[in-house]
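Enquirer: mind folding the following:
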Amino acid sequence: DQAGHARAFLNVCRHRSAIVETAARGNRSSFICPYHHWRYGLDGSLANIPDQRSFAGVNMAELGLHPVNAAEKHGLIFVRLADGPPIDIDEYLGDVGVELDRLHLSKHLFYRERFTPLQCNWKVMMEGSLETYHFNFLHANADPGVQKVVVQARAQAGILLGGTQLGAAGAEAFVGAGAL
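Expert: All right, here's what the predicted structure looks like:
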């Protein structure tokens with residue numbers, strides 16, 4: 001929003017349930033539904049309905065985007081779609097928060113995004129990419145230099161969470177490391 005706080009909403013127009021925003025990232029001063037051009041502010045409020053005469057009696061204050069719980073911590077934004085109290089991010093992360101803090105993710109910059117379409121079993125692909133434990137066995141004949149980098153990354157990793165390794169500060173490489 002204008003104050004620099006992350007806010008999260010269901011990405012659905014309150015008029016005809018069209019997807020409001022299709023861009024993966026960017027900057028906006030407002031969000032406009034492509035269907036009938038209803039415009040929403042960064043706070044989720046319904047700011048404008050074109051041809052408002054057709055909607056006489058509509059209470060715009062009741063038709064803002066539906067907010068969802070969001071919390072910022074360690075350079076990441078956490079969102080919970082279920083209704084409920086605000087996210088207590090420190091309680092939720094527990095000891096993982098200390099490890100995330102060491103990564104200084106809030107100082108990282110987006111470099112690039114790359115998509116590579118693959119015809120494969122996505123579950124096997126993701127599991128193989130989210131952890132390096134299998135590397136010494138499945139890739140035993142790989143280049144010794146690559147093996148060394150992976151071993152160093154595993155040695156410097158902070159913790160192992162459900163197959164995803166989060167690295168400690170100073171780790172040189174994460175081959176196939178996942179994100180929380």
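
Enquirer: end-to-end on stretch 39-55?
Expert: Terminal residues of stretch 39-55 are spaced 14 Å apart (CA to CA, to the nearest Å).

Enquirer: what ranges in this protein fall below the confidence cut-off?
Expert: 128-136, 143-180 (pLDDT under 70).

Enquirer: can you rerun that using 80?
Expert: For the chain, applying pLDDT under 80 flags the ranges 1-5, 118, 122-180.

Enquirer: quick one: the helices in it?
Expert: Secondary structure of the chain (DSSP state H): helices located at 89-93, 96-103, 122-130, 135-138, 144-156.

Enquirer: the longest strand in the protein is where?
Expert: strand 67-73 (DSSP state E).

Enquirer: walk me through which strands that strand pairs with, and which way each runs.
Expert: In the sheet, strand 67-73 lines up against strand 8-9 (antiparallel), strand 76-80 (antiparallel) (DSSP bridges).

Enquirer: what residues of the longest one count as buried?
Expert: Counting neighbours by 16 or more other CB atoms under 10 Å, one finds that the buried residues in strand 76-80 are 76, 78. Every C-beta, even on glycine, is put in place using the N, C-alpha and C of the backbone.

Enquirer: identify the residues contacting that strand?
Expert: Under the criterion CB atoms under 8 Å, 6 or more residues apart in numbering, residues 6, 8, 68-72, 87, 89, 92, 100, 105, 180 lie in contact with strand 76-80.
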